[in-house]
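J.: Structure, please.
(one chain, ligands or ions: 1)
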Amino acid sequence: MSLVLLTALLQWRRRSQPARVRAVPINKEKVLILGCSSGIGKALALQYAQRGAHLILVARRRDLLQQLEQQCREAGSTMVLSHCANVTDLDQMDQLFAVVRDKFGQLDTMIYCAGAISVQPFMDLCGIHVHHQAGAVQVTVEDRRDQVDKAVQRILDINYRAAVHATRLGLPLLLPSVQPNLMVVSSMAGKVGAPTRSLYSGSKHAVHGFFDSVRVELANANVHVGLVCPGTVDTDLRQAAVDLPPSSVVAGSVQGKLSPASVAQRIMLASDRREREVYMPSFYYWALWLSRDWLDYFAKRKYQT
Ligand SMILES: *[C@@H]1O[C@H](CO)[C@@H](O)[C@H](O)[C@H]1NC(C)=O
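T.: Numbering: from 1, shown residues only. Sure, this is the predicted structure:
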């Protein structure tokens, strides 16, 4: 009986048109996407283009960005602006938001998709090795101080610090919208830890702390803050890890990867519905209720460590 009710409720939720779409018509929505040369950001740009949004596309790789701009025009966006910039460079961010202000005046939706990952177990990254010899434990340590420091700084720079600055610069343009949305692509690693992803998970936890706080602060200004947390997505993020070991196999889950298009679709829906936090796939909602020991066990299996 309760299952029937639950299903009916879900159906109703799916069918009912979100109020935001009435307040901000989809073919007038002004959307800024940060980090869209590939992966989730690119898929998002294309889907917003298909419903006629006005787009500002930001990425570092100029050739990919220009290709995407063209694709978005073909897909149906009547207004597409692409701007080549490095989100961790404050001067370039100042320039970007000045251009957005000049050309668009305001924003309805800002989506932060830029990100970097880490892929090494922490001991490997630090060069700490354990050998067992004749029943004794021997530990050797290589000096990896600078590599570790560089990796931590880079991952925090892209995943956290740049997102804070994008929020600082984006808010003045979002506030005049009737229903401003600030969406952030996070990860399940922003909610729980995951082996080989310690630096990444740490930076994404910081992202959650920051945006969960500003969400409450900004509620009176009607600014919605939404976080979307996918599991493993089929993108090239791993190839550009901050701690990529030279010529090695990168640990990662091999199966059950989400497609960038399906994640993009869910982000768009989460924005339309102004959902505060979304997990993908949805069975992670239940997983989060598991005990932490169970969760660690499954994470260990998933990453085969
Ligand atoms: C991006 O900007 C940061 C900060 O200015 C710089 O350290 C980094 O090298 C830049 N990255 C690229 C790929 O240009």
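
J.: For this structure, give me the ranges with low pLDDT.
T.: Scanning the chain for pLDDT under 70 picks out 1-16, 246-255, 283, 285, 304-305.

J.: Name the nearest residue to the most centrally placed residue in the chain, sequence neighbours excluded.
T.: Nearest to the mean C-alpha position of the chain, by C-alpha atoms, centre = their mean, lies residue 185 at 2.1 Å. Leaving aside its chain neighbours, residue 185 sits nearest to residue 113 (4.7 Å; criterion: C-beta to C-beta, 6 or more residues apart in numbering). For glycine as for every other residue, the C-beta is placed from the backbone atoms N, C-alpha and C.

J.: Quick check: the residue nearest to the centre of the chain touching residue 267?
T.: Yes: between residue 185 and residue 267 there is a contact at 6.8 Å, judged by C-beta atoms under 8 Å.

J.: What's opposite the residue nearest to the centre of the chain in the beta bridge?
T.: residue 228 (DSSP bridges).

J.: sorry, back to before: overlap in contacts of residue 185 and residue 267?
T.: 40, 111, 228 (C-beta atoms under 8 Å, 6 or more residues apart in numbering).

J.: Now whatever residue of the stretch 151-300 of the chain ends up closest to the ligand: closest residue in space, sequence neighbours ignored.
T.: Nearest residue of the stretch 151-300 of the chain to the ligand: residue 157, at 7.2 Å (C-beta to the nearest ligand atom). Leaving aside its sequence neighbours, residue 157 sits nearest to residue 88 (C-beta to C-beta, 6+ apart; 4.7 Å).

J.: what about that neighbour, how many residues close to it?
T.: 18 (other C-beta atoms under 10 Å).

J.: now do residue 142
T.: 10.

J.: and residue 268, what does it touch?
T.: 44, 47-48.

J.: do that again at 6 Å, thanks
T.: Taking C-beta atoms under 6 Å, 6 or more residues apart in numbering as the criterion, residue 268 is in contact with residue 47.

J.: Go ahead and list the helix or strand containing it.
T.: helix 260-273 (DSSP states H and E).

J.: hang on, the earlier thing: just give me the closest of the shared contacts of residue 185 and residue 267 to residue 262.
T.: residue 40 (9.8 Å; C-beta to C-beta).

J.: my read: that closest one touches residue 113, true?
T.: Yes: between residue 40 and residue 113 a contact is recorded at 5.5 Å, counting by C-beta atoms under 6 Å.

J.: who touches both of the two?
T.: With contacts defined as C-beta under 6 Å, 6+ apart, the residues shared by residue 40 and residue 113 are residue 185.

J.: where does the stretch 51-200 of the chain come near the ligand, residue by residue?
T.: Contact residues (C-beta under 6 Å from any ligand atom) of the stretch 51-200 of the chain with the ligand: 60, 86, 88-89.

J.: Please repeat the previous calculation with a cut-off of 5 Å.
T.: Contact residues, the stretch 51-200 of the chain versus the ligand (C-beta under 5 Å from any ligand atom): 86, 88-89.

J.: Turn these into a markdown table, including secondary structure and distance to residue 164.
T.: Listed next are those as a markdown table, based on DSSP: H, G, I helix; E, B strand; the rest coil; distance: C-beta to C-beta, whole Å:
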| residue | secondary structure | distance to residue 164 |
| --- | --- | --- |
| 86 | coil | 16 |
| 88 | coil | 11 |
| 89 | coil | 14 |
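
J.: Return the member of those nearest to residue 200.
T.: residue 88 (16.0 Å).

J.: What spatial separation is found between residue 98 and residue 91?
T.: 11 Å (C-beta to C-beta, to the nearest Å).

J.: Residue 42 too?
T.: 25 Å.
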